[in-house]
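Colleague: Starting from these lines, generate the structure:
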Amino acid sequence: PDRGPFNRDKLWEPFHQEQPAYIVPPVANLTDGPSGLTFYPGTGFGSEMNDQFLICDFRGGPANSGIHSFKLQSDGGGYQLSNHRQLIWGVLATDVAFGPDGGLYVSDWVDGWDGLGKGRMYRLADPERGDSERAREVRSLLASRWSERRTDQLIRDLEHIDRRIRLEAQWELAKRGEVRALIRVARSGSAETTLAARLHAMWGIGQVLRASKTDNADVLAETRPLLSDDSGEVRAAAAKLFGEAGDLSATKRLIAMMRDPSARVRYFAIRALDELAGGEESAMQEPLSDRIAVDVIKLFGDPSTSPKWNNDPALRHAAVMLLVRLRQTDLLENLSKHKSADVRRLAVVS
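Modeller: All right, here's what the predicted structure looks like:
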């Protein structure tokens, strides 16, 4: 009658304190039959489509099926759903994608769970913006040879309004090993450099570091100031980069970032410390591991900070994974009589 522990333990519901603490719960319950998913690249339609995800909802018949659109907004270390609407309805859509021509393509199953042995393809377009000068530029760029594009052009492309162009530029710069150019963009604090360009540059630096077979100490040294950048998004991306790079010299800064004003930065700082503590050749010393574990536990037990931490499933998950990695078994055992139920729960799950 209750379909088992999945329903009984409320594992499918958005976050609340009656759930088991070992899951990362969903942001929201949106579709009954999720299939195709895409993200608006930035050109082809109007600004009302900016930052929108599109997801198909396949329910067996066209009358109650279609395509939802929604946005995600930061919510602590994770996200919350916003701007949800039924964008295209009355079609049994199985997939949705934005084409390089500026159109939106939808595949239609027509009817029923078993299908009719035939289907439809729809193309939706904005007659004004779909053939604008910007849309034509995007079509031309996506069809071009990126290997033939000059480095200075690729740097400008990191600022492009269309995400596909920014990604192609990032990938080509990383492929060429243009790490100095990427560092300049990432560290640029000028008003002309967008946040998107800086983030793409940082992701490109990460690609170069992962592919490199040499010592990257100088690259990391030039990138380290980003851990103290004015932008929380940049600090978060920098924490992720240094964790993946295994740079132990950033450990003390990352420990301090666990108290950053931004919950998103705190999340990525903890995940980065997890990476550093778990590297194959990790040189993290025992006293440092002890200190990190104690700091995490204090944040969950301190009344001034614990509400933010214990009501944020992303932060709690990150903290659990870090404590697992640090293997401070005796410390966790000694928390069995801690006055805070939240700290005891954290110890049990870890």
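
Colleague: Residue 35 reaches residue 58, doesn't it?
Modeller: Yes: counting by CB atoms under 8 Å, residue 58 is a contact partner of residue 35 at 5.0 Å. For glycine as for every other residue, the C-beta is placed from the backbone atoms N, C-alpha and C.

Colleague: Not counting residues beside it along the chain, what's closest to residue 109?
Modeller: residue 92 (4.4 Å; CB to CB, 6 or more residues apart in numbering).

Colleague: my guess is that neighbour contacts residue 108, does it?
Modeller: Yes: Residue 92 lies in contact with residue 108 (CB under 8 Å); the separation is 6.0 Å.

Colleague: Look at those two and report which has more neighbours.
Modeller: More crowded of residue 92 and residue 108, by other CB atoms under 10 Å: residue 92, with 27 against 17.

Colleague: how close does that one sit to residue 99?
Modeller: Distance, residue 92 to residue 99, using CB to CB, to the nearest Å: 21 Å.

Colleague: Then residue 263?
Modeller: Separation of residue 263 from residue 99 (CB to CB) stands at 37 Å.

Colleague: Between these two, which has more neighbouring residues?
Modeller: More crowded of residue 263 and residue 99, by other CB under 10 Å: residue 263, with 20 against 14.

Colleague: Not counting residues beside it along the chain, what's closest to the more buried one?
Modeller: residue 76 (4.2 Å).

Colleague: Provide the backbone phi and psi angles at the one you found.
Modeller: phi 60, psi -130 (degrees, to the nearest 10).

Colleague: what pLDDT does it get?
Modeller: With respect to pLDDT, residue 76 scores 93.

Colleague: residues near it, how many?
Modeller: There are 19 residues near residue 76, going by other CB under 10 Å.

Colleague: Kindly report the same for residue 34.
Modeller: Here the number of neighbours of residue 34 (other CB under 10 Å) works out to 12.

Colleague: again with the one 4 residues further on
Modeller: The local packing of residue 38 (other CB under 10 Å) involves 17 other residues.

Colleague: who's it bridged to?
Modeller: On the basis of DSSP bridges, residue 38 is bridged to residue 54.

Colleague: residues contacting it?
Modeller: Residue 38 is in contact with 53, 54, 96, 97, 98, counting by CB atoms under 8 Å, 6 or more residues apart in numbering.

Colleague: Of the residues you listed, which is the nearest to residue 177?
Modeller: Comparing these against residue 177 with CB to CB picks out residue 98 as the nearest, at 30.4 Å.

Colleague: does the closest one really touch residue 41, like I thought?
Modeller: Yes: checked against CB under 8 Å, the pair residue 98 and residue 41 is within contact range at 5.5 Å.

Colleague: out of the contacts of residue 38, what pair is the most spread apart?
Modeller: Within those, 53 and 97 form the most distant pair, 12.6 Å apart (CB to CB).

Colleague: more crowded one of the two?
Modeller: Set side by side, residue 53 and residue 97 show more neighbours around residue 53, with 17 against 13, by other CB under 10 Å.

Colleague: okay, the least confident helix or strand in the chain by mean pLDDT in CSV with CA atoms only?
Modeller: Least confident helix or strand, the chain: helix 306-310 with a mean of 84, by mean pLDDT, DSSP states H and E. Extracted C-alpha coordinates of helix 306-310, given in CSV (Å, rounded to 0.1, in the frame of the first residue of the first chain):
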residue,chain,number,x,y,z
SER,A,306,24.4,25.4,12.6
PRO,A,307,21.0,26.4,11.3
LYS,A,308,22.5,27.3,7.9
TRP,A,309,24.5,24.1,7.8
ASN,A,310,22.0,21.6,9.0
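
Colleague: burial count for residue 2?
Modeller: Residues near residue 2, counting by other CB under 10 Å, number 7.

Colleague: any idea how far it lies from residue 10?
Modeller: Using CB to CB, we find residue 2 at a distance of 11 Å from residue 10.

Colleague: Same check on residue 350?
Modeller: Distance of residue 350 to residue 10, computed by CB to CB: 22 Å.

Colleague: Comparing those two, which shows the higher neighbour count?
Modeller: Higher neighbour count among residue 350 and residue 10: residue 350, with 24 against 15, using other CB under 10 Å.

Colleague: any idea which helix or strand carries the spatially closest residue to that one that is not a sequence neighbour?
Modeller: Leaving aside its chain neighbours, residue 350 sits nearest to residue 323 (3.9 Å; criterion: CB to CB, 6+ apart). Using DSSP states H and E, the element containing residue 323 is helix 313-326.

Colleague: ditto for residue 81
Modeller: Secondary-structure element containing residue 81, defined by DSSP H and E: strand 78-89.
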